[in-house]
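Asker: how would this look folded up:
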Amino acid sequence: MVSLELPVGSREPRVELLVVEAERLEAELARRRGRVLMAKRYGGPLARLDAEAPLAEVPNRVLCGAPRAEIWITPRPATCHRANGLTWAEDGRALFGCSRRRAGERTDEDTFAAYREVFALLDERGYRNLLRVWNYLPRINQDQRGVECYKRFNVGRARSFEERYGCSVETEFSASTAVGTPGEDLVVCFAAGREPGIHLENPRQTCAYRYPPEYGPKSPSFARGTLAPAGWGETFFLSGTASVVGHETKHPGDPLGQLDEALANIDALLDCAAGRSGRGRAVRGARFDLLKTYVRRREDFPAIREALAKRLDPATPAIYLEADICRKDLLLEIEGVWR
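Answerer: Presented below is the predicted three-dimensional model:
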């Protein structure tokens, strides 16, 4: 049984992250009623839960055993709300939420509408600082009237950011992940705060929002990582990180080569995060509170897990999910929560 209760951050009060097997999710939510900011369940089962908290169902297959769930918990009283396609919970310092809508034939428009609703919610509730976004996009690599879905997604996302932030938009991009998912629903999960975080870029990589035009009509609107504000504890949200150096994919067709390159990118970014937060980072094998690896081809999973295990602290909670990645030549992507 997996049961890992892990504090995120080292200062009080702080948000905590609990990773459990999915079959325990309902019991854990009941036990922590009124303190849950968001739960995500990976790999099913898709049985409906009477949860007084945002619950995101992510149907991607779990490759490392039984379905898993993560639960974000606050020490403060939290209230849960629902309106239209949005569900969220807030505690006066943090707001976590989830948007779910059917993805039609206009992914750009669907994405724009979803993000516009999210931004309106954050403005209305007074949590104006987006800190982390997780996007699950159906048919991410398929063409939609001659343009890949992911590129259309980027058009809609960029339009929503530009509408809200105008010419200062590049300073507002937060940590983010966008991967493929089975089914028909576009799912956007998000975390925001009353106080701003610090968004970071990777010295080995071109800023995603400045990619050249060959990657689509609009560049991806995200930062490589975000340091959460002090009230959250010393938490660093690592964006989905792949085998991209500069703006080019490295090691096409080679999953272990891509793994090494992705880990080099993560090392470089964690050095930046450690410097900005005033923390030291003495070892290359970082200690994460949660490390999530998306693997495109199921047959690559055993080798990837074996190689990754040699690089990580054995106590690192890890979840492996089957998912298409934002570029067709990328075979894996890694995201995490580090403190």
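Asker: any stretches of the chain with poor pLDDT?
Answerer: Within the chain, the ranges that satisfy pLDDT under 70 run 1-13, 45-51, 278-286.
Asker: try 80 this time
Answerer: 1-13, 44-52, 231, 233-234, 277-287, 339 (pLDDT under 80).
Asker: need the helices for it, in chain order.
Answerer: Using DSSP state H, the helices of the chain run over 25-31, 107-125, 149-165, 255-277, 301-309.
Asker: now do stretch 259-273: distance to the chain's middle.
Answerer: In terms of Cα atoms, centre = their mean, to the nearest Å, the centre of stretch 259-273 is set 17 Å apart from its chain centre.
Asker: please apply the same query to stretch 95-108.
Answerer: 15 Å.
Asker: first vs last residue of it, how far apart are they?
Answerer: This stretch, stretch 95-108, spans 25 Å end to end (Cα to Cα, to the nearest Å).
Asker: now the helices of the chain in JSON lines, with mean neighbour count and distance to residue 292?
Answerer: Just so you know, the C-beta spots here come from the backbone N, C-alpha and C atoms, and that holds for glycine as well. Output for those, formatted as JSON lines (neighbours: other Cβ atoms under 10 Å; distance: least, Cβ to Cβ, whole Å):
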{"stretch": "helix 25-31", "mean neighbour count": "16", "distance to residue 292": "17"}
{"stretch": "helix 107-125", "mean neighbour count": "19", "distance to residue 292": "21"}
{"stretch": "helix 149-165", "mean neighbour count": "21", "distance to residue 292": "19"}
{"stretch": "helix 255-277", "mean neighbour count": "19", "distance to residue 292": "12"}
{"stretch": "helix 301-309", "mean neighbour count": "15", "distance to residue 292": "11"}
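Asker: can you list those helices in TSV and add distance to residue 65?
Answerer: Below are these laid out as TSV (distance: least, Cβ to Cβ, whole Å):
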stretch	distance to residue 65
helix 25-31	15
helix 107-125	31
helix 149-165	29
helix 255-277	20
helix 301-309	11
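Asker: residue 234: which of the ones you listed is closest?
Answerer: Residue 234 lies closest, by Cβ to Cβ, to one member of those: helix 255-277, at 5.6 Å.
Asker: please name every helix or strand in contact with the closest one.
Answerer: strand 198-200, strand 225-227, strand 236-241, strand 244-245, helix 301-309, strand 332-338 (3 or more Cβ pairs under 8 Å, 6 or more residues apart in numbering; DSSP states H and E).
Asker: can you put these in CSV and add distance to residue 63?
Answerer: Listed next are the helices and strands packed on helix 255-277 as CSV, based on distance: least, Cβ to Cβ, whole Å:
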stretch, distance to residue 63
strand 198-200, 29
strand 225-227, 24
strand 236-241, 17
strand 244-245, 22
helix 301-309, 5
strand 332-338, 11
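Asker: and of these, who's closest to residue 290?
Answerer: Comparison of the helices and strands packed on helix 255-277 against residue 290 by Cβ to Cβ identifies strand 332-338 as nearest, at 4.7 Å.
Asker: name every strand pairing with that closest one and say which way it goes.
Answerer: strand 236-241 (antiparallel), strand 288-295 (antiparallel) (DSSP bridges).
Asker: what about residue 147, neighbour count?
Answerer: By other Cβ atoms under 10 Å, the residues close to residue 147 number 14.
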